[in-house]
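Q: Fold the following, please.
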Amino acid sequence: MITKKIKIQLKNGLEARPVAVLVQVASQYDSRIYVECENKKVNAKSIMGLMSLGLSAGEEVVVSIDGDDETNAMDEIEKYLSAAQA
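A: I've put the predicted structure just below:
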């Protein structure tokens, strides 16, 4: 299992479209992927779960991933969340 703090650089934060893209990225991997902010931890493959976090640009989340492809999954999720132009 790997865990990493990631700052959301997406211009509009995690609103509907960026959440849908993040779910697509996470769903490519077999690993269990969770996004945590404050006291709330949700499955990164769940659109409703991610939307319930209401995350804005500049906020920090903790991403935890457990599985055979965890390293690749973390790289891709970090790349997406850190992309200011997405």
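
Q: Poorly predicted segments of the chain, please.
A: 84-86 (pLDDT under 70).

Q: all helices for this protein, in order.
A: In the chain, the helices defined using DSSP state H lie at 16-27, 47-53, 70-81.

Q: For the shortest one, what is the distance to the chain centroid?
A: The chain centroid and the centroid of helix 47-53 are separated by 10 Å, computed with Cα atoms, centre = their mean, to the nearest Å.

Q: Then the first one?
A: How far helix 16-27 lies from its chain's middle: 8 Å, per Cα atoms, centre = their mean.

Q: So which bits of that helix are buried?
A: Applying a neighbour-count criterion of 16 or more other Cβ atoms under 10 Å, the buried positions in helix 16-27 are 18-19, 22-23, 25-26. All C-beta spots, glycine's among them, are computed from the backbone N, C-alpha and C.

Q: For the closest residue to residue 47 other than its chain neighbours, which residues are in contact?
A: Take residue 47 and drop its neighbours on the chain: the residue closest to it by Cβ to Cβ, 6 or more residues apart in numbering is residue 23, 5.3 Å away. Shown in contact with residue 23 (Cβ atoms under 8 Å, 6 or more residues apart in numbering): 44-47, 50.

Q: Residue 2 now?
A: Applying Cβ under 8 Å, 6+ apart, the residues contacting residue 2 are 64-66, 70-71, 74.

Q: give me that answer again for 10 Å
A: Remark: with contacts taken as Cβ atoms under 10 Å, 6 or more residues apart in numbering, residue 2 is in contact with 31, 63-67, 70-71, 73-74.

Q: One more: residue 20?
A: For residue 20, the contacting residues are 14, 47, 50-51, taking Cβ under 10 Å, 6+ apart as the criterion.

Q: And residue 10, by the same measure?
A: With contacts defined as Cβ under 10 Å, 6+ apart, the neighbours of residue 10 are 17-19, 21-22, 55-58, 80-86.
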